[in-house]
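1. let me see the structure of the following:
(2 chains)
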Amino acid sequence: MNGFRVLSLLVLVALRNNLSAAALTVTVKDAGGAAVSDAVVYAQRDDAISGLVKSQAVIDQRDKQFVPYMTAVQVGTSIIFPNSDNIRHHVYSFSPAKKFELPLYSGVPAKPVVFDKVGFVTLGCNIHDWMIAYVAVLPTPHFQVTGQDGRASLKNLSAGQYRVAVWHPSLKGAPENAAQDVDLGSAAKELLFTLDLKPDFRAKRAPGLSTGGYR
Amino acid sequence: MKLPTLVALNVLCAMTVSHALAEWRFDAETGAFYDSNLSNSDRASDVRDDWAWKSDVRANDGFQLTRDLRLNIGADLRGEVWDHFGSFNEIGIGALSGLRYRFGLGRQAPWLLLENRLGYDRFQDTERSGYEETIDLRGGVSLSERVSLEAGYGFENYAVPDTFYDRQVHIGSARVIVDPISSLQIAVGYNYREGDVISYAVPPRPDIRRLATEEREDDTTFGSNPLFTAYKLLGRTHSVSVSAVYALTRYASVGVDYEYAVTLHDPLQYENHLVAAKVLLTY
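-> Numbers count the residues shown, from 1 in each chain, chains lettered A, B, ... in the order given. Down below sits the predicted model:
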């Protein structure tokens, strides 16, 4: 009898969770209708208080590139910056959300960098000027970076009212301008964001005209 | 421990450390080059134009000594093959070193670069063959993510046993580099060059002879019908240039250069239009 009660309770909890867990699929396109990759999609509930879901992330340096190009983390997350190249890198950021510098190093730095302020951070390498990456430090655990198809799926959202926003390094204006309110029930929902983007500009690794930067 | 063993051990240690800090880089450039006035002649009837295929391969090892200071050491091999006037065909080797200081962190920080090259150029017309030393001091600053300025001074000393082909040249340059899009860089520049030039003319030219520091009669660089006289002069050259480089992949770009140069030594004046189309590779 005792076992039956426990089993019933477990089934009820599972059913409740299933009913309240909603999935949100977001498609991000540019003004021309092309899929936008590396856009950060995040959903936030004003009344929700959530602890740190994932405490550590990794941004690698491979073949003189940051991998991945775009990383989204919840505020408070530590990021470790291993250097998988057989040369040294020098990682830095001037962004107000996280100013830091990892002076010339090989291998794995002794300490990770804690991203403790919400905002968007641009990373660079002082040795290889073309190396660039971004970190979106978000106040919510509900986020995903869009793939090549411009799609991101946020799963296991509890039912309720959310503000869903999108950020991309080339976004014109603040992310709040690219936000939508959505009421999530148990059914899956789809949203479409059309972003007004600046032309993508990244320093190139290919041979160029200037010799003063590291080439 | 004996001194030679100690020295050898130190060298070994230094090599190990250097290897760990070093970063190899290979660059190559090859393409067609056109000079509208290869003979540097002032009279239209004396002007000889030609085009060449030029190539340059360079291996470079970089040492980041501190956050802001970088040492580059390298070697290069370059060659030129001219379509009509083979006297200018050459092959050259050189050793390079450069010290770059960046005033701060990041790609937009201002920088200074001191570069030195020592080389030997072997010409088909062997009288021209000689040793070349160049010293360049250049600096740059980024005005924005897409616009930067560069300026520099260079000294070129070309030492040849046949002193007629000896030359010493001072060069001042400035240019603005714009990146309209990620893949495209455009530069507009101005150069001032002061030093030895060789101008070819069909004699008699008493007006040039009066200015020349040396002359060589019956020169066959441009053939023997007619025979030219080569005059060595001190000239001042003003030139403007436009360059564009388009990145094809992470390792390859294509580029074009155009330079319009006017060389003066009153009353002598001649013009050159220089055009280059090339492929640039890096690894």
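2. neighbours of B:Gln108, how many?
-> Other residues within reach of B:Gln108 by the criterion other C-beta atoms under 10 Å in any protein chain shown amount to 17. (C-beta placed from N, C-alpha, C; glycine too.)
3. my bad, A:Gly33
-> For A:Gly33, the tally of surrounding residues (other C-beta under 10 Å) stands at 7.
4. what of A:Lys198?
-> Other residues near A:Lys198 number 10, with proximity taken as other C-beta under 10 Å.
5. got it, and A:Ser186?
-> For A:Ser186, the neighbour count with other C-beta under 10 Å is 11.
6. please, which helix or strand holds the residue nearest to A:Lys98 when sequence neighbours are not counted?
-> Excluding its sequence neighbours, the residue lying closest to A:Lys98 (C-beta to C-beta, 6 or more residues apart in numbering or on different chains) is A:Val121, at 4.8 Å. Assigned by DSSP states H and E, A:Val121 falls within strand A:119-125.
7. who does the helix or strand following that strand pair up with?
-> Note on strand A:119-125: by DSSP H and E, the next helix or strand toward the C-terminus is strand A:132-138. Strand partners for strand A:132-138, identified by DSSP bridges, are recorded as strand A:70-74 (parallel), strand A:119-125 (antiparallel).
8. identify, out of these, the most deeply packed stretch.
-> A comparison of the strands paired with strand A:132-138 by mean neighbour count, using mean count of other C-beta atoms under 10 Å in any protein chain shown, puts strand A:70-74 on top with a mean of 22.
9. CA atoms only: put the following helix or strand past that one into PDB for me.
-> On the C-terminal side of strand A:70-74, the nearest following helix or strand under DSSP H and E is strand A:77-80. Coordinates of the C-alpha atoms in strand A:77-80 are reproduced here as PDB (Å, rounded to 0.1, in the frame of the first residue of the first chain):
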ATOM      1  CA  THR A  77      28.900  31.400 -14.700                       C
ATOM      2  CA  SER A  78      32.700  30.800 -14.800                       C
ATOM      3  CA  ILE A  79      34.200  30.400 -18.200                       C
ATOM      4  CA  ILE A  80      37.500  28.600 -18.700                       C
END
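10. flag every residue of the stretch 1-150 of chain B that's near chain A.
-> By the rule C-beta under 8 Å from any C-beta of the partner chain, the part of the stretch 1-150 of chain B lying against chain A is B:20-23, B:27, B:29, B:62, B:64, B:67, B:70, B:100, B:102, B:105-107, B:111, B:113, B:138-140, B:145-146, B:148, B:150.
11. low-confidence regions, the chain specifically.
-> With no chain named, the answer covers chain A. Residues of chain A meeting the criterion pLDDT under 70: A:1-21, A:47-52, A:211-215.
12. was after chain B, sorry
-> Residues of chain B that meet the cut-off, pLDDT under 70, sit at B:1-21.
13. quick one, helices of it?
-> With DSSP state H as the criterion, chain B has helices at B:3-21, B:206-209.
14. what comes up buried for the last one?
-> Same thing as helix B:206-209. By neighbour count on 16 or more other C-beta atoms under 10 Å in any protein chain shown, the buried set for helix B:206-209 is B:Ile208.
15. and chain A, which residues reach chain B?
-> By the rule C-beta under 8 Å from any C-beta, the part of chain A lying against chain B is A:87-88, A:90, A:92, A:94, A:101, A:103-104, A:106, A:124, A:126-127, A:129, A:199-215.
16. sort out for me which of those residues are in strands.
-> When these are checked against strands using DSSP state E, the ones located there are A:His90, A:Tyr92, A:Glu101, A:Pro103, A:Leu104, A:Gly124.
17. top of the residues you listed by neighbour count?
-> Counting neighbours by other C-beta under 10 Å, the top entry in those is A:Gly124, with 22 neighbours.
18. what's near enough to touch that residue?
-> Contacts were defined as C-beta atoms under 8 Å, 6 or more residues apart in numbering or on different chains; by that measure A:Gly124 touches A:Val91, A:Tyr92, A:Ser93, A:Met131, A:Ile132, B:Gly106, B:Arg107.
19. name the nearest of those residues relative to A:Asn83.
-> Looking at the contacts of A:Gly124 and their distance to A:Asn83, the nearest is A:Val91, at 8.5 Å (C-beta to C-beta).
20. how near is the residue nearest to the closest one when sequence neighbours are not counted to chain B?
-> Of all residues not flanking A:Val91 in the chain, A:Leu102 sits nearest, at 4.3 Å (C-beta to C-beta, 6+ apart). For A:Leu102, the distance to chain B (C-beta to the nearest C-beta, to the nearest Å) stands at 11 Å.
21. list the helices and strands the longest strand anywhere in chain A packs on?
-> Taking residue count as the measure and DSSP E as the definition, the longest strand of chain A comes out as strand A:21-30. Contacting strand A:21-30 under the criterion 3 or more C-beta pairs under 8 Å, 6 or more residues apart in numbering or on different chains; DSSP states H and E are the following elements: strand A:40-44, strand A:151-158, strand A:160-167, strand A:179-184, strand A:189-195.
22. how about the ones you listed in a markdown table, adding mean neighbour count?
-> Converted to a markdown table, the helices and strands packed on strand A:21-30 look like this (neighbours: other C-beta atoms under 10 Å in any protein chain shown):
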| stretch | mean neighbour count |
| --- | --- |
| strand A:40-44 | 24 |
| strand A:151-158 | 17 |
| strand A:160-167 | 20 |
| strand A:179-184 | 15 |
| strand A:189-195 | 16 |
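23. so what's the residue nearest the centre of chain A bridging to?
-> Most central in chain A under C-alpha atoms, centre = their mean is A:Ala72, positioned 1.8 Å from the mean C-alpha point. Assessed by DSSP bridges, A:Ala72 has beta-bridge partners A:Ala136.
24. that one contacts A:Phe143, correct?
-> Yes. Distance between A:Ala72 and A:Phe143: 4.6 Å, which falls inside the contact criterion (C-beta atoms under 8 Å).
25. spell out which residues are contacts of both of these two.
-> Residues touching both A:Ala72 and A:Phe143 comprise A:Val40, A:Tyr42, A:Ala136, with contact defined as C-beta under 8 Å, 6+ apart.
26. what's the span of stretch A:189-203 from first residue to last?
-> According to C-alpha to C-alpha, to the nearest Å, stretch A:189-203 extends 38 Å from its N-terminal end residue to its C-terminal end residue.
27. for that stretch, what is the distance to the chain centroid?
-> From the chain centre to the centre of stretch A:189-203 is a distance of 14 Å (C-alpha atoms, centre = their mean, to the nearest Å).
28. circling back: restricted to buried residues, select the residues of the stretch 1-150 of chain B next to chain A in ChimeraX.
-> Of the residues of the stretch 1-150 of chain B next to chain A, the buried ones go into a single ChimeraX selection, burial set by 16+ other C-beta under 10 Å:
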select /B:21,22,23,27,29,62,64,67,70,100,102,105,106,107,111,113,138,139,140,148,150
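29. what residues does the stretch 151-283 of chain B have near chain A?
-> Residues of the stretch 151-283 of chain B lying near chain A by C-beta under 8 Å from any C-beta: B:177, B:179, B:181-183, B:185, B:187, B:243, B:245, B:247-253, B:255, B:280-282.
30. quick one: which of the residues you listed sit in strands?
-> Mapping those onto strands (DSSP E) picks out B:177, B:179, B:181, B:185, B:187, B:243, B:245, B:247, B:252-253, B:255, B:280-282.
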